[in-house]
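**Q** quick one, structure for this:
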Amino acid sequence: MNSFLFKKIDNTGLVLFRIIFGILISFECYGAIITGWVTTNLVEPTVYFPFIGFEFLNILRGPGMYVYFIIMGTLGILISIGYKYRYAMLGFAIMWAGGYLMQKTSYNNHYYLLMLISSIMVFFPANKDHSLDAKLNPEIRTNKMYAYYKIIIVLQLIIVYTYASVAKLYADWLDFEYIRVLMSGKANYFLVGEILQQPWIHKIIAISGILFDLLIIPALLWKPTRKIAFVCAIFFHIFNSFVFQIGIFPYLALAFTAFFFEPQKLKNIFFKKESTYPTISIASIPKNKNLIMGLWIVYFIFQIGLPLRHHFFKDDVLWTEEGHRLSWRMMLRSRKGNVGFKVVDKKTNEFKRVTLRDYLTKKQIHKVGCYPDFIWQFAQHLKKEAKENNKDIAVYAFVKVQINLRKPQEFIDNTIDLTEVKWEHFKHNSFILPNPN
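**A** This next block holds a predicted model:
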């Protein structure tokens, strides 16, 4: 095991990934400002929906978020050129995690992956070559690294893609119903819009989605299929980029292939003028090897276990959404809802209906209309607002939810005062009605 994990291998893949990774996260952060994503999600809203338990991050919201994302984008540049790499990577990892946890209205599994990868990269010696750090301090320069750095990335990717593949093995994906729903919104796309509405295309997308996620990492690891897998990856991710417009993720996914190709091939393409310098071909086992192994074992136990948690909750995750996030359940369902809130003054028994437009953005209204944690959080906001006005209220939600093309069904128990219940992180929330299907 020691010889497998702690042998020294060429670090070209890691160095190249660092350069591309830094560029991509800079585009992501600066682009979030330019496209209005920061404005829509972190500046304009007056009611916030952070991950439950991270409400303290709300103090960062407002116009200052423009500066926040500019700093993150600049850290990406520093990461790419390898200047003060450890500090830049740590700073970005912390700030990205903060930005991720303070809003979930635009939740995306890819944002979660970026949080994990940036945190992992803090511990990787990705600045040991082709970096300003190595140029300014030649003593750190080397073209070798421990093999376990590569193994960690490969294991993380196996977890992501395997869970994504297995999650698609459910009725609405296998009968192509969800694909039809997904593609219906792309009908106006130039040239391909009409093609994307064809049933045979839906079948290809559904089947290839399962097979690609399941096989891409093994195919990249096996040399005879590596080139074919890379070509398939290019087509798959460019297709996703064009059709679904999901930011940097398709290009980040392609950047990960740097860990699978032979270092010499990467050098021939990207580092042709690389100078020679002394390297250490054999390294001793680090003294803190047990600590290193222990920490990464705990990390991967968590990564393997977290996506399985919904199996321990009552009812179907497709209905309840409990355990859906952080589980690589990507692009699996469409949810639409119709919601109304009744606020009752406990002293006078007078009640009123809430006009959601007075509180929420259009995107927030959609989320509050069909996601249980958003419904609960909005009830808590109404309670807090009433308390500030010296009122004691009860809040009842009347919600119907439609999943994919199924019939809309009652979703929330409208006899329960949502201000009196706590959000359960580790078990089923009883105010969610049972799945009627």
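**Q** does the residue nearest to residue 370 when sequence neighbours are not counted count as helix, strand or coil?
**A** Closest residue in space to residue 370, ignoring its immediate chain neighbours: residue 337 at 3.0 Å, by Cβ to Cβ, 6 or more residues apart in numbering. C-betas here are computed from N, CA, C, even on glycine. Secondary structure of residue 337, reduced to three states by DSSP: H, G, I helix; E, B strand; the rest coil: strand.
**Q** my guess is residue 337 contacts residue 398, does it?
**A** No: using Cβ atoms under 8 Å, residue 337 makes no contact with residue 398, being 10.6 Å away.
**Q** neighbour count: the two, which is higher?
**A** With neighbours defined as other Cβ atoms under 10 Å, residue 337 and residue 398 compare such that residue 337 has more, 21 against 14.
**Q** the more buried one and residue 388, how far apart?
**A** Relative to residue 388, residue 337 is positioned 28 Å away (Cβ to Cβ, to the nearest Å).
**Q** also residue 261?
**A** On the measure of Cβ to Cβ, residue 261 and residue 388 end up 59 Å apart.
**Q** neighbour-wise, which of the two wins?
**A** Between residue 261 and residue 388, counting by other Cβ under 10 Å, residue 261 is the more crowded of the two (18 against 8).
**Q** that one belongs to a helix?
**A** No: Residue 261 is assigned coil when assessed by three-state DSSP, not a helix.
**Q** if I look at it, what pLDDT would I see?
**A** Per-residue pLDDT puts residue 261 at 95.
**Q** again, but for residue 138
**A** For residue 138, the pLDDT comes out at 93.
**Q** same question for residue 279.
**A** pLDDT, residue 279: 48.
**Q** what's the burial count for residue 236?
**A** For residue 236, using other Cβ under 10 Å, the count is 18.
**Q** please give the element, helix or strand, for it.
**A** Assigned by DSSP states H and E, residue 236 belongs to helix 223-244.
**Q** what comes up buried for that helix?
**A** 226, 229, 230, 232, 233, 236, 237, 240, 241, 243 (16 or more other Cβ atoms under 10 Å).
**Q** for the next helix or strand after it, packing partners?
**A** Note on helix 223-244: by DSSP H and E, the next helix or strand toward the C-terminus is helix 249-255. Helices and strands touching helix 249-255, as assessed by 3 or more Cβ pairs under 8 Å, 6 or more residues apart in numbering; DSSP states H and E, comprise helix 12-34, helix 109-121, helix 223-244.
**Q** now for these, which one comes closest to residue 251?
**A** Across the helices and strands packed on helix 249-255, residue 251 has its closest neighbour in helix 12-34 (5.9 Å, Cβ to Cβ).
**Q** give me the contact list for the helix or strand following the closest one.
**A** Remark: after helix 12-34, the chain's next helix or strand is helix 37-38, criterion DSSP H and E. The contact list for helix 37-38 (Cβ atoms under 8 Å, 6 or more residues apart in numbering) reads 31, 32, 65, 66, 69, 106.
**Q** switch to 10 Å and redo it
**A** Here helix 37-38 makes contact (Cβ atoms under 10 Å, 6 or more residues apart in numbering) with 28-29, 31-32, 44, 63, 65-66, 68-70, 99, 106, 247.
**Q** returning to that earlier point: contact partners for the residue nearest to residue 370?
**A** Residue 337 neighbours (Cβ under 10 Å, 6+ apart): 365-371, 374-375, 399-403, 408, 411-412.
**Q** how close does the residue of the chain most remote from its centre sit to residue 88?
**A** In terms of distance from the mean C-alpha position of the chain, residue 348 ranks first, at 45.7 Å (Cα atoms, centre = their mean). According to Cβ to Cβ, residue 348 stands 57 Å off from residue 88.
**Q** sorry, back to before: list only buried entries from the contacts of helix 37-38.
**A** 28, 29, 32, 65, 68, 69, 99, 247.
**Q** spatially, which two of the contacts of helix 37-38 are the most separated?
**A** Taking Cβ to Cβ, no two of the contacts of helix 37-38 sit farther apart than 63 and 247, at 22.7 Å.
**Q** tell me where the stretch 301-437 of the chain has helices.
**A** 317-320, 362-368, 372-388 (DSSP state H, counting those that start in this stretch).
**Q** highest mean neighbour count out of those helices?
**A** helix 317-320 (a mean of 21; mean count of other Cβ atoms under 10 Å).
**Q** any idea which helix or strand of the chain has the worst average confidence?
**A** Scoring the helices and strands of the chain by mean pLDDT, DSSP states H and E places helix 2-5 at the bottom, with a mean of 80.
**Q** other residues contacting that one?
**A** 146, 147, 148, 149, 151, 152, 285, 289, 292, 293, 296.
**Q** pull out the buried members of those.
**A** 146, 148, 149, 152, 289, 292, 296.
**Q** could I get the contacting residues of the third one?
**A** This means residue 149. Taking Cβ under 10 Å, 6+ apart as the test, what residue 149 contacts is 5, 9, 11, 13, 14, 120, 121, 123, 124, 125, 126, 259.
**Q** that one and residue 101, how far apart?
**A** Distance from residue 149 to residue 101, by Cβ to Cβ: 27 Å.
**Q** number of nearby residues for residue 72?
**A** By other Cβ under 10 Å, neighbour count at residue 72 equals 23.
**Q** state the helix or strand in which it lies.
**A** Counting by DSSP H and E, residue 72 is part of helix 64-81.
**Q** with respect to residue 322, which of the buried ones among the contacts of helix 2-5 is nearest?
**A** Using Cβ to Cβ, the buried ones among the contacts of helix 2-5 come closest to residue 322 at residue 296, 28.5 Å.
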